[in-house]
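Trainee: pasting the structure only:
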């Protein structure tokens, strides 16, 4: 997955924490369903952080739509 970068230090720290959680939740050899679930949790965490820190949300909304959650 491509790394999302933000100039906002709080948002950047939240994204790093979410990415670490995503990687731990879907280690190598995980099923597609496990990987998708981990990606959805990451996307929702990123979206919540972007909203809370007044950062752009479009990358997370797009990601969640592509994952089939309707951007939520």
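Mentor: Structure received. All of these numbers come straight from a predicted model, not from anything done at the bench.
Trainee: going forward, measure contacts and count neighbours with C-alpha atoms only.
Mentor: OK.
Trainee: Starting from the longest helix along the chain, tell me the next helix or strand along the chain.
Mentor: Looking across the chain with DSSP state H, the single longest helix is helix 32-52. Next in sequence after helix 32-52, counting helices and strands by DSSP states H and E, comes helix 58-66.
Trainee: tell me what the longest helix of the chain is packed against?
Mentor: helix 9-25, helix 58-66 (3 or more C-alpha pairs under 8 Å, 6 or more residues apart in numbering; DSSP states H and E).
Trainee: Out of these, the one nearest residue 31 is which?
Mentor: Nearest to residue 31 among the helices and strands packed on helix 32-52 is helix 9-25; the distance by C-alpha to C-alpha comes to 11.1 Å.
Trainee: Can you tell me how far residue 32 is from residue 65?
Mentor: Using C-alpha to C-alpha, to the nearest Å, one obtains 17 Å as the distance from residue 32 to residue 65.
Trainee: Tell me which of these two has more neighbours.
Mentor: Shown here are residue 32 and residue 65; by other C-alpha atoms under 10 Å, residue 65 has more neighbours (14 against 10).
Trainee: And residue 5, what's its pLDDT?
Mentor: Residue 5 is assigned 79 on the pLDDT scale.
Trainee: what about it, helix or strand, and which?
Mentor: Residue 5 belongs to no helix or strand, assigned by DSSP H and E.
Trainee: any idea how far it is from residue 46?
Mentor: Taking C-alpha to C-alpha, one finds residue 5 at 11 Å from residue 46.
Trainee: OK, contacts around residue 45?
Mentor: 14, 15, 18 (C-alpha atoms under 8 Å, 6 or more residues apart in numbering).
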